[in-house]
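Got a predicted structure here, sequence first:
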Amino acid sequence: MDVARVDFYIGLSLAVSSSLFIGASFILKKKGLLRLASKGSTRAGQGGYAYLKEGLWWAGLISMGAGEAANFAAYAFAPATLVTPLGALSVLVSAVLSSYFLNERLNVHGKIGCLLCVLGSTVMVVHAPQEEEVASLSVMAEKLKDPGFIVFAVCVVGSSLVLIFVVAPRFGQKNVLVYILICSVIGSLSVSCVKGLGIGIKELFSGTAVLREPLFWCLVVCLVVCVSIQISYLNKALDIFNTSIVTPIYYVFFTTSVMACSAILFKEWLSMSTNAVVGTISGFLTIVLGIFLLHAFKDITFSWDSLPLYLTKGPQGIQWSARAYMAVHGQDGLTGEEGKPC
């Protein structure tokens, strides 16, 4: 087996491991926050920081850190077109674990959604854009000076400040999108910092004195600030809203923000064919559809055993199907003469 193939499988393993760790981290954090709420501690959504003393929350944080580290390492062995789409697997892991540990039911719609997420990830792996090669921090610095990226960064920072200081105090505890938008738009900058630091670390191992480069330390500071903001507002979202709602919405907005930032910073879309562009967009939309099915109908009691009742048409056609739906839910008074459906 050649070196390239070994690197490919190492990268694939790291990417899958990353999704497992990150998916589990949401569950551990939520369990920790629920435990604190049961003790009467000030909730994170109300500005409390008691979760810093909760072991389960720290386990979730460590799990997420391990996942992010594995994801970071995966980029060193496998192409970004393989690593990035596999982030959707963390949503599936979170959904499955939620059904076991948080009593959040996964019905037929959710299972179909899981399959669509896998299908969409596969399509994106085949068609996703390749990043433009950046071999050194000096090249990265030139890209960061690009007017298009500067405008994007200013818009991200400006919109984040508005969301944090104007929108969040008024609507943060009522609308799930507020806190998630803050995490997502800030996340696009944190990913750029991670990519830049990855380049710097590679140069460091090759003998280049990158620790003397101001850009390296600027990226470190920016990464710490961005990640701190993301952790804080993601905790607030998880504390107030259902995990099965927070996780998929966060994935969609975060992935969209990162794709936009990557396209502007590395300009990889300019070299893509029409088929590749359509394939990438189609794969991403398929994942979004899968995530929608996974969580939009999560409260509907619908299983494979009840499917024949929904599809069967009696003397009254569609009306019978509606009554069959109620029968599945244990409603009384739905049978007529000789026990037949009314």
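Cool, got the structure.

how about the nearest residue to the residue nearest in space to the middle of the chain, chain neighbours excluded?
Using CA atoms, centre = their mean, the residue of the chain that lies closest to the mean C-alpha position is residue 251, 2.4 Å off. Using CB to CB, 6 or more residues apart in numbering and skipping the chain neighbours, the partner closest in space to residue 251 is residue 91 (5.1 Å). For every residue, glycine as well, the C-beta is placed using N, CA and C.

which strands and helices sit next to the helix or strand hosting that neighbour?
If you go by DSSP states H and E, residue 91 is part of helix 89-101. For helix 89-101, the packing partners by 3 or more CB pairs under 8 Å, 6 or more residues apart in numbering; DSSP states H and E come out as helix 3-38, helix 108-127, helix 243-266, helix 274-296.

Is it possible to get a markdown table of the ones you listed that adds mean pLDDT and distance to residue 182?
Output for the helices and strands packed on helix 89-101, formatted as a markdown table (pLDDT from 0 to 100; distance: least, CB to CB, whole Å):
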| stretch | mean pLDDT | distance to residue 182 |
| --- | --- | --- |
| helix 3-38 | 80 | 17 |
| helix 108-127 | 80 | 24 |
| helix 243-266 | 80 | 10 |
| helix 274-296 | 82 | 20 |
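
Mean neighbour count, those: which tops it?
Compared across the helices and strands packed on helix 89-101, helix 243-266 shows the largest average neighbour count, a mean of 21 (mean count of other CB atoms under 10 Å).

just to revisit the earlier point, rounded mean pLDDT for the helix holding residue 91, please.
The average pLDDT for helix 89-101 rounds to 78.

So what touches it?
With contacts defined as CB atoms under 8 Å, 6 or more residues apart in numbering, helix 89-101 is touched by 16, 18-20, 22-24, 26-27, 31, 67, 104-106, 110, 114, 117-118, 121, 243-244, 247-248, 251, 291, 294-295.

about what we covered before: quick one, what contacts the residue nearest to the centre of the chain?
87-88, 90-91, 291.

go on, residue 112?
290, 293.

Mind pulling up the pLDDT for residue 186?
Reported pLDDT for residue 186: 92.

Can you tell me how far it is from residue 195?
In this structure, residue 186 and residue 195 are 15 Å apart, going by CB to CB, to the nearest Å.

Comparing the two, which residue is more hemmed in?
Neighbours were tallied for residue 186 and for residue 195 using other CB atoms under 10 Å; the higher tally belongs to residue 186 (24 against 21).

Confirm the more buried one sits in a helix?
Yes: applying DSSP: H, G, I helix; E, B strand; the rest coil, one finds residue 186 inside a helix.

Do I have it right that it meets residue 228?
No: the criterion here is CB atoms under 8 Å, and residue 186 misses it with residue 228 at 9.6 Å.

List the residues that contact residue 208.
residue 136.

mind running it again at 10 Å?
By CB atoms under 10 Å, 6 or more residues apart in numbering, the contact set of residue 208 is 136-137, 200, 202.

Quickly note the distance from it to residue 136.
Residue 208 sits 8 Å away from residue 136, going by CB to CB.

Identify the contacts common to these two.
Counting by CB under 10 Å, 6+ apart, the residues touching both residue 208 and residue 136 are 200, 202.

Show only the entries of the contacts of residue 208 found in helices.
Counting by DSSP state H, the contacts of residue 208 place 137, 200, 202 in helices.

Which of these scores worst on pLDDT?
residue 202 (75).

Report the separation between that residue and residue 11.
15 Å.

do the same with residue 262
Distance of residue 262 to residue 11, given as CB to CB: 18 Å.

repeat for residue 60
Counting by CB to CB, the separation of residue 60 from residue 11 is 25 Å.

can you check residue 154 too?
On the measure of CB to CB, residue 154 and residue 11 end up 34 Å apart.

list the buried ones in the helix or strand where residue 148 lies?
Assigned by DSSP H and E, residue 148 belongs to helix 147-162. For helix 147-162, the neighbour count (16 or more other CB atoms under 10 Å) marks 149, 152-153, 156, 160 as buried.

which other helices and strands contact that helix?
If you count contacts as 3 or more CB pairs under 10 Å, 6 or more residues apart in numbering; DSSP states H and E, helix 147-162 packs onto helix 137-144, helix 176-205, helix 214-240, helix 243-266.

moving C-terminal of that helix, what's the next helix or strand?
By DSSP H and E, the next helix or strand past helix 147-162 is helix 168-171.

List the buried residues for that next one?
Within helix 168-171, the residues scored as buried using 16+ other CB under 10 Å are residue 168.

for stretch 228-243, same thing?
229-230, 233-243.

quick one: low-confidence ranges for the stretch 101-250 of the chain?
Within the stretch 101-250 of the chain, the stretches with pLDDT under 70 are 104-106, 128-133, 244.

same thing but at 90, please
Where the stretch 101-250 of the chain drops to pLDDT under 90, the residues are 101-143, 145, 172-177, 187-214, 216, 223, 227, 231-232, 234-250.

do you know which of the helices and strands packed on helix 89-101 lies nearest residue 212?
The minimum distance between residue 212 and the helices and strands packed on helix 89-101 falls on helix 243-266, with 24.0 Å, by CB to CB.

No further queries at this time; thank you.
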